[in-house]
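Asker: can you look at this prediction? I've put the sequence above it.
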Amino acid sequence: MRPTPRLVIYAALLLALALVPLAADLTGNRFYVTLANRAVILALAAISLNLIMGYGGMISFGHAAYLGIGGYSVGVLAEHGIDNGWLQFGLAIGASALFAFLTGLVALRSRGVYFIMISLAVAQIAYFAAVGAYRYGGDDGLTIFSDSRFVPWLRLGDSVTFYYLCLAVLLVALILTNRLVNARFGFVLRGIAANETRLRALGVPVFRHRLAAFTLAGALCGLAGALLANFADFVSPSMMDWTRSGDLIVMVVLGGVGTLMGPVLGAVAFVVLEQELSNLMEHWRLLFGPLLVIVVLAGNRGLDGLLGGRRNG
Amino acid sequence: MADPLLQVRGLTKHFGGIVANDAIDLDVHAGELHAVIGANGAGKSTFIAQLGGDVAPDAGTIRFLGRDISRLPVHRRAHLGLARTFQTVNLLPAFSAVENVALALIARDGHAFRFWRRATDDCRVTAEARAVLDRVGLADAGHRPAGTLSHGGQRQLEIAMALATRPRLLLCDEPMAGLGLGESDSLIALLAEVARDIGLLLVEHDMQAVFALARRITVLDRGRVIASGPPAAIRADAEVQRLYLGAEA
């Protein structure tokens, strides 16, 4: 395969992400690592949303709920003195998958705007459950005093170690997503998004297929949530505020719906713009909004489209 | 005579006060092309929708291969060997012709929960998809997005997708609609060939095609079967002539 400009740019982007800690050391500005780490974790969440929204045609407006469920899995266990990372992350992924499965059982019986509303409503239940959980800080959230512990040599408390861990998880997620959307499962999933009636008439159990994708996306976002909890050493209901779900949609749309690297591009652009624009003015979204409109209109498929991207590439 | 592939008895569907299908009886045997004709609003579309599983009947039974499928969901009926084409072209326009057919093949296999291997790297699938395309006369169009094919080509692709599921019975809902003269001739030839091996239920407005192809014809009027039999008998039927063919003669 001949390397296209787009491939080169994506390789450069991943390389740049890998070099952020070095740049931070050279310039003495540790904040770069924090910023990049946030972008990498949100990219993981955006990838999981893109799986169902971009490839599966299911616009979930409650995806931040899985960030929260993953985060609280870590926080609640830590609160009870359990800092075993395997247990924490296992619970984060398992609980998110279960929540997605149950949500999907209800929401996937509807389509279009009704699906959006049900996914939002279910996410709000998770939000208010966290607000009402006084034992775990309620509205004020929960501070996590010990990082997840996997193996002795992996110290998540070290910001550079943790950053590279997150980056490695992101790379693995990208590879797996690439395989998934081109394997039979993803092929059929894209087929369902393109023409549900047709696929059903061909004998595809559409509901079951969608539910599996929805559950998988929930699990992946739960993993992102567990990383986010370790990143902030803090979880609160605001992690799953509905505006957070909106931000995730914006990242996917900004980067390019239904493209492999779009969510990464979108998350990085979102975090950088949020940082830069909020330095300029308090109401930074006043600038961000028009920018989003321009990118989407000009690129067709977001930033990925601007780079000459092709769907499913 | 052998048991019919499809046996419909007393099939009834109301929409509010309107009786769309009123106690319809109909059989289709293997190797037989059975055409259903009737004026607009006669209940043909409702009938097909009930057979396919999109609409649940109010009364009556649909037996397919000896099994009652009246309450079975759409995809389960497809797995039993009931395929259909749609009245308006219903493809995946952005997918290539080969990919459209490959989806049908994968759906037939029922092993779509594979997460690693590239679907289109599966030589068996792509080779079979090309063979099916070849059969319907789309051998050269495999790589083209379905949406860029001519209307006739899209109709052929519809049938290719249905055939790829290796059906025992094919429901064709007005496959000739919008075709030019030459296109409908080749489609008639294709349907005749298909109907040699399997059962084919054809809903069609094109009377020339119907009388050229059908071994049996059932005439619907306001939801009821008013005549059913071989083409010659239908042509001679007084009520059919008055209600339906008379308008064309």
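Answerer: Sure thing, it's come through.

Asker: now do the contacts for the closest residue to chain A within chain B.
Answerer: Using C-beta to the nearest C-beta, the closest approach of chain B to chain A is made by B:Ala78 at 3.3 Å. C-beta: built from backbone N, CA, C; applies to glycine. B:Ala78 makes contacts with A:200-203, B:107, B:165, as judged by C-beta atoms under 8 Å, 6 or more residues apart in numbering or on different chains.

Asker: that's a helix at it, yeah?
Answerer: Yes - applying DSSP: H, G, I helix; E, B strand; the rest coil, one finds B:Ala78 inside a helix.

Asker: local confidence estimate at it?
Answerer: We have a pLDDT of 94 for B:Ala78.

Asker: so how far is B:Ala164 from it?
Answerer: Distance, B:Ala78 to B:Ala164, by C-beta to C-beta, to the nearest Å: 11 Å.

Asker: before we move on, the earlier item: closest to B:Ala39 out of the contacts of B:Ala78?
Answerer: Nearest to B:Ala39 among these, counting by C-beta to C-beta, is A:Ala201 at 26.0 Å.

Asker: isn't that closest one right next to B:His79, touching?
Answerer: No - at 11.3 Å, A:Ala201 does not count as touching B:His79 under the criterion of C-beta atoms under 8 Å.

Asker: out of those two, which sits in the busier spot?
Answerer: Between A:Ala201 and B:His79, counted using other C-beta atoms under 10 Å in any protein chain shown, the more crowded position is A:Ala201 (28 against 17).

Asker: find me the pLDDT at that one, would you?
Answerer: 94.

Asker: for it, what are its contacts?
Answerer: B:52, B:74-75, B:78, B:83-84, B:86, B:90.

Asker: phi, psi of it?
Answerer: Main-chain torsions, A:Ala201, degrees, to the nearest 10: phi -70, psi -20.

Asker: just how off-centre is stretch A:112-130 within its chain?
Answerer: Per C-alpha atoms, centre = their mean, to the nearest Å, the displacement of stretch A:112-130 from the mean C-alpha position of its chain is 17 Å.

Asker: so for that stretch, what gets flagged as buried?
Answerer: Residues A:115-116, A:118-120, A:122-124, A:126-127, A:130 are the ones in stretch A:112-130 that count as buried (16 or more other C-beta atoms under 10 Å in any protein chain shown).

Asker: for stretch B:93-107, same thing?
Answerer: B:95-107.

Asker: A:Asn279: neighbour count?
Answerer: So A:Asn279, with other C-beta under 10 Å, has 8 neighbours.

Asker: in contact with residue 195, which residues?
Answerer: As the question left the chain open, I've gone with chain A. Taking C-beta under 8 Å, 6+ apart as the test, what A:Asn195 contacts is B:90-92.

Asker: that's the other chain; I wanted chain B
Answerer: By C-beta under 8 Å, 6+ apart, the contact list for B:Ala195 reads B:31-33, B:213.

Asker: so which of those residues wins on neighbours?
Answerer: B:Leu33 (25 neighbours).

Asker: so what does it have for phi and psi?
Answerer: phi -110, psi 120.

Asker: close to chain A: what parts of chain B are there?
Answerer: B:52, B:74-76, B:78-79, B:83-84, B:86, B:90-95, B:99, B:102-104, B:106-108, B:110-120, B:161, B:165 (C-beta under 8 Å from any C-beta of the partner chain).

Asker: now, these that are in strands?
Answerer: B:83-84 (DSSP state E).

Asker: for chain B, see how far away A:Leu142 is.
Answerer: Distance of A:Leu142 to chain B, given as C-beta to the nearest C-beta, to the nearest Å: 35 Å.
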